[in-house]
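Got a predicted structure plus its sequence, pasted below:
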Amino acid sequence: MKIIACIDLDYFYAQCEEVLNPDLKNKPVVVCMYSGRGKEGGAVATCNYVARKYGVKSGIAITRAKQLLKNVEAYFIPARLELYDQISQRVMEIVKKYADTLEIVSVDEAFLDITSRSEEDFNKAENLMRRMKEEIYEREKLTCSVGISFSRVIAKIASGLNKPNGLVVIAPEDLESKIWPLAVEEIPGIGPRTKEILNKLGILTIGDLAKANIMTLIQIFGRKSATYLKLAAEGKDKEEPRESEESKQYSRMATLKENTLSLRDILPYIEELCKDISLTLKQNGKLAKGVGLTAILEDLTTLSKNKTLDQPVNSFEKIFEVAKELLPELISKSNKLFRRISVRVFNLVDITGVKTLEEFVS
Ligand code: DGT
Ligand code: CA
Ligand code: CA
């Protein structure tokens, strides 16, 4: 049997802001996407659980959130997406260590196949995921919620059952008692319209859906959607986590103090990024067979240069050496100033199983 885990970081953007500024803790924190139309135009991206008690949630107008929090000391913070992205990448690098296969689905969410790592044992799977949660908390001070089950859909539902900081296991024998009583709309993909149609058929819970007549469902939703709904409710969806591109590489980005095309100005940033990446490779027991540089230019277009290596590397010196080779080529390709620069390593291999240990010991 497969064991799949779903990790979802709690109130992600707002929690990042709390980590970066501990004064925010225990006060309502609302992360805003300002539209640029008027001073207060825009919507709430997310908020912490203190703010949720006042009725604030993702998607509502900022003006509405301000009303809800009128007489309260609350923080409204413009979203800093680049920062959340960096934090996300670091978290996913921790998560990767705990998975046979990792599929990153969004900035704050991933599916892990942990079948062989947990030896198909739900107790071992639970311990493994508890250790992962602890490491994420220790290193990044972030909490997350994890669901563990035998199907992807049930793992996702389980991740939401005890939020925040939850860890919920749904073994096959728990399906009927813990999942079937839930409302159908807890199944990912069932929006208000599908819910309404199902409810009219008398299908209110996931259990109702599991027991529903498949022919009736096919008539209404078509074969593909009907099959998905039915298998999801029965915990029989067979979709396994698929290794995502992001999880096959590490990258680090820096914003330059001033836009520039000067090699001398850019190099120190690259040196720092290479140090950081080398450390990450070593911490995760990986070697890289490719190194790449990407520049984000002043008009926000991007330019890249990659190099594939004969020997996999993880040392700062080797990575920096390649980056130093690529930088002049990247600069000569550009007729605009660089605004940001990133270093990336890809084609990762595990240290174990690599014959030449030269890099390992350096
Ligand atoms: P949670 O998981 O319920 O504890 O709270 P979040 O905030 O982590 O919610 P989630 O997992 O649905 O979304 C992850 C991040 O994606 C969230 O921190 C901000 C962003 N996000 C979610 N919904 C919206 C939205 O409606 N608009 C915008 N701009 N961003 C959103
Ligand atoms: Ca989340
Ligand atoms: Ca999410």
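Good, I have the coordinates. Ligands and ions are numbered 1, 2, ... in the order given.

All the strands of the chain, residue numbers only.
Here the chain has its strands, by DSSP state E, at 4-9, 29-34, 42-47, 75-78, 101-106, 109-113, 144-149, 167-170, 250-260, 286-297, 302-313, 338-350.

can you put the ones you listed in TSV and add mean pLDDT and distance to ligand 3?
Using the backbone N, CA and C atoms, a C-beta is placed for each residue, glycine as well. Output for the strands of the chain, formatted as TSV (pLDDT from 0 to 100; distance: least, Cβ to the ion, whole Å):
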stretch	mean pLDDT	distance to ligand 3
strand 4-9	98	5
strand 29-34	97	14
strand 42-47	97	9
strand 75-78	97	19
strand 101-106	94	6
strand 109-113	98	4
strand 144-149	98	9
strand 167-170	98	16
strand 250-260	93	21
strand 286-297	95	26
strand 302-313	94	26
strand 338-350	93	24
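
Same list, these, but as JSON lines with distance to residue 226 and mean neighbour count please.
As requested, the strands of the chain are exported to JSON lines (distance: least, Cβ to Cβ, whole Å; neighbours: other Cβ atoms under 10 Å):
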{"stretch": "strand 4-9", "distance to residue 226": "23", "mean neighbour count": "26"}
{"stretch": "strand 29-34", "distance to residue 226": "36", "mean neighbour count": "22"}
{"stretch": "strand 42-47", "distance to residue 226": "33", "mean neighbour count": "22"}
{"stretch": "strand 75-78", "distance to residue 226": "43", "mean neighbour count": "16"}
{"stretch": "strand 101-106", "distance to residue 226": "24", "mean neighbour count": "18"}
{"stretch": "strand 109-113", "distance to residue 226": "24", "mean neighbour count": "24"}
{"stretch": "strand 144-149", "distance to residue 226": "22", "mean neighbour count": "26"}
{"stretch": "strand 167-170", "distance to residue 226": "23", "mean neighbour count": "20"}
{"stretch": "strand 250-260", "distance to residue 226": "41", "mean neighbour count": "16"}
{"stretch": "strand 286-297", "distance to residue 226": "43", "mean neighbour count": "21"}
{"stretch": "strand 302-313", "distance to residue 226": "42", "mean neighbour count": "14"}
{"stretch": "strand 338-350", "distance to residue 226": "40", "mean neighbour count": "19"}
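
would you turn the ones you listed into JSON lines with distance to ligand 2?
Output for these, formatted as JSON lines (distance: least, Cβ to the ion, whole Å):
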{"stretch": "strand 4-9", "distance to ligand 2": "4"}
{"stretch": "strand 29-34", "distance to ligand 2": "12"}
{"stretch": "strand 42-47", "distance to ligand 2": "8"}
{"stretch": "strand 75-78", "distance to ligand 2": "17"}
{"stretch": "strand 101-106", "distance to ligand 2": "9"}
{"stretch": "strand 109-113", "distance to ligand 2": "6"}
{"stretch": "strand 144-149", "distance to ligand 2": "7"}
{"stretch": "strand 167-170", "distance to ligand 2": "15"}
{"stretch": "strand 250-260", "distance to ligand 2": "22"}
{"stretch": "strand 286-297", "distance to ligand 2": "27"}
{"stretch": "strand 302-313", "distance to ligand 2": "28"}
{"stretch": "strand 338-350", "distance to ligand 2": "25"}
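
want to throw those strands into a markdown table with distance to ligand 1?
Output for the strands of the chain, formatted as a markdown table (distance: least, Cβ to the nearest ligand atom, whole Å):
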| stretch | distance to ligand 1 |
| --- | --- |
| strand 4-9 | 5 |
| strand 29-34 | 5 |
| strand 42-47 | 3 |
| strand 75-78 | 12 |
| strand 101-106 | 7 |
| strand 109-113 | 6 |
| strand 144-149 | 7 |
| strand 167-170 | 14 |
| strand 250-260 | 20 |
| strand 286-297 | 21 |
| strand 302-313 | 23 |
| strand 338-350 | 22 |
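
Count residues in the vicinity of the residue lying closest to residue 279 once chain neighbours are set aside, would you?
Among residues not flanking residue 279 along the chain, residue 316 sits closest, at 8.0 Å (Cβ to Cβ, 6 or more residues apart in numbering). Residue 316: 18 surrounding residues under other Cβ atoms under 10 Å.

again with the one 5 residues further on
If you count neighbours by other Cβ under 10 Å, residue 321 ends up with 13.

Compute the distance between it and residue 278, please.
The gap separating residue 321 from residue 278 is 11 Å, by Cβ to Cβ, to the nearest Å.

Show me what residue 149 is bridged to.
residue 4, residue 170 (DSSP bridges).

Make JSON lines from the strands of the chain and add distance to residue 207 to it.
Output for the strands of the chain, formatted as JSON lines (distance: least, Cβ to Cβ, whole Å):
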{"stretch": "strand 4-9", "distance to residue 207": "21"}
{"stretch": "strand 29-34", "distance to residue 207": "37"}
{"stretch": "strand 42-47", "distance to residue 207": "31"}
{"stretch": "strand 75-78", "distance to residue 207": "41"}
{"stretch": "strand 101-106", "distance to residue 207": "26"}
{"stretch": "strand 109-113", "distance to residue 207": "24"}
{"stretch": "strand 144-149", "distance to residue 207": "16"}
{"stretch": "strand 167-170", "distance to residue 207": "14"}
{"stretch": "strand 250-260", "distance to residue 207": "43"}
{"stretch": "strand 286-297", "distance to residue 207": "44"}
{"stretch": "strand 302-313", "distance to residue 207": "49"}
{"stretch": "strand 338-350", "distance to residue 207": "43"}
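
For the residue nearest to residue 279, list the residues it contacts.
Contacts for residue 316 were tallied using Cβ atoms under 8 Å, 6 or more residues apart in numbering; they are 274, 275, 278, 279.
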